[in-house]
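[1] Fold the following, please.
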Amino acid sequence: MKIFVLVKEVPDTYGDRKLNLETGLADRAAGDVVLDEITERALEVALSYADGNEGTEVVALSMAPESSTASVRRALAIGAHSAVHVVDEELSGADLGLTAEVLAAAIRRAEPDLVITGNLSTDGSGGMIPAMLAEHLGFAQATALSAVEITADGITGTRTTDAGSQSVSAALPAVISITEALPDARFPNFKGIMAAKKKPLEVLALADLGVSADPGAAPRTIMTSVAEKPPRAAGIKITDEGDAGTRLVEFLVQNRLV
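    As a prediction, the model looks like this:
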């Protein structure tokens with residue numbers, strides 16, 4: 001079986017994250033960048049299956065700037081057998097539609113049996129890429145899984161909702177996305193880090209995939225403006241002059257908090 005796993009470099013959630021007010025993009029120079037934890041968990045799902053099924057190939061796929069090579073190599077150090085890194089300056093600021101089109105083109109070249117993604121990245125938080133990929137590829141999809149089992153013929157899993165849980169299944173080929181309920185990724189050891197330097201890492205451009213980033217080629221999202229988040233305003237202070245309780249209740253009622 002061949003499994004593709006989407007991995008993504010994101011600004012570190014434990015550091016300061018800022019937008020470039022000229023481009024509207026995350027300012028990567030403003031803080032540390034890391035491999036998104038949810039994509040590491042997706043990689044762990046694939047590797048756990050590969051551990052017990054000899055001959056399974058796990059490929060990490062990322063669409064990211066050239067500076068993200070270290071993060072792609074981390075996926076190899078964790079255990080992916082090879083990686084594909086899509087790099088092209090025309091992809092700077094790509095919307096979800098273009099991103100899905102490019103990733104689908106890269107996946108289609110290798111004809112995998114299964115594609116595994118995180119359900120939601122910690123930077124853009126779009127949450128639509130898994131479904132869009134399935135549409136482009138013509139694959140079955142099972143999204144937001146809190147538990148998953150992979151077999152040679154298909155997948156079964158559990159999707160947790162506010163009302164309970166759903167049992168879902170799909171035949172291969174399929175696209176699945178997983179939530180943070182799945183286990184953390186294994187930590188890359190020294191042997192894995194050294195091995196990652198010799199593992200295949202294919203770098204592709206838009207021309208290799210036959211995809212155009214021209215806004216005239218397909219409908220694209222257009223950013224019209226960007227602004228800093230306004231500073232938090234001071235709250236309302238109630239000074240007790242004998243009527244604090246009444247005023248507090250009135251405030252709660254006005255804001256529909258009771």
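[2] Pull the contacting residues for residue 163.
    Listed by Cβ atoms under 8 Å, 6 or more residues apart in numbering, residue 163 has no contact partners. (Each C-beta comes from the backbone N, C-alpha and C, glycine too.)
[3] What segments of the stretch 1-150 of the chain are strands?
    Per DSSP state E, counting those that start in this stretch, the stretch 1-150 of the chain carries strands over the ranges 2-6, 9-11, 33-35, 57-63, 82-86, 114-118, 140-150.
[4] Skipping its backbone neighbours, what lies nearest residue 228 in space?
    Nearest residue to residue 228, sequence neighbours excluded (Cβ to Cβ, 6 or more residues apart in numbering): residue 21, at 6.7 Å.
[5] how far away is residue 55 from residue 1?
    7 Å (Cβ to Cβ, to the nearest Å).
[6] Over to residue 136?
    21 Å.
[7] quick one on the thing from earlier: would you list the phi and psi of the residue nearest to residue 228?
    The phi and psi values for residue 21, taken as degrees, to the nearest 10, are phi -70, psi -10.
[8] which one of the strands of the stretch 1-150 of the chain is the most hemmed in?
    Of all the strands of the stretch 1-150 of the chain, strand 114-118 carries the top mean neighbour count, a mean of 26, counting by mean count of other Cβ atoms under 10 Å.
[9] Which of the strands of the stretch 1-150 of the chain sits closest to residue 159?
    In terms of Cβ to Cβ, the element of these nearest to residue 159 is strand 140-150, at 5.3 Å.
[10] Run the angle between the closest one and strand 114-118 for me.
    90 degrees (axes from the mean of the first three to the mean of the last three Cα atoms, to 10 degrees).
[11] who does strand 140-150 pair up with?
    Paired strands of strand 140-150, with direction, are strand 154-161 (antiparallel), strand 174-178 (parallel) (DSSP bridges).
[12] Go through those and find the least confident stretch.
    For the strands paired with strand 140-150, mean pLDDT drops lowest on strand 154-161, to a mean of 93.
[13] Other residues contacting it?
    Residues from elsewhere that reach strand 154-161, judged by Cβ under 8 Å, 6+ apart: 114, 142-149, 165-172, 174, 176, 179, 181.
[14] Could you report the separation of residue 238 from residue 250?
    Counting by Cβ to Cβ, the gap from residue 238 to residue 250 is 10 Å.
[15] go on, residue 193?
    Distance from residue 193 to residue 250, by Cβ to Cβ: 61 Å.
[16] With residue 19 instead?
    Separation of residue 19 from residue 250 (Cβ to Cβ): 38 Å.
[17] Looking at these two, which has the bigger crowd around it?
    Using other Cβ atoms under 10 Å as the criterion, residue 19 and residue 250 rank with residue 19 on top: 15 against 12.
[18] right, and the more buried one touches residue 223 too?
    No - the pair residue 19 / residue 223 is not scored as a contact, 10.8 Å apart, by Cβ atoms under 8 Å.
[19] remind me which residues of the stretch 1-150 of the chain are low pLDDT?
    15, 28-31 (pLDDT under 70).
[20] Mind jotting down where the helices sit in it?
    Assigned by DSSP state H, counting those that start in this stretch, the stretch 1-150 of the chain shows helices spanning 37-51, 69-78, 96-110, 129-137.
[21] out of these, nearest to residue 234?
    Across the helices of the stretch 1-150 of the chain, residue 234 has its closest neighbour in helix 37-51 (34.6 Å, Cβ to Cβ).
[22] packing partners for the closest one?
    Contact here means 3 or more Cβ pairs under 8 Å, 6 or more residues apart in numbering; DSSP states H and E; on that basis helix 37-51 packs against strand 2-6, strand 57-63, helix 69-78, strand 114-118, strand 140-150, strand 174-178.
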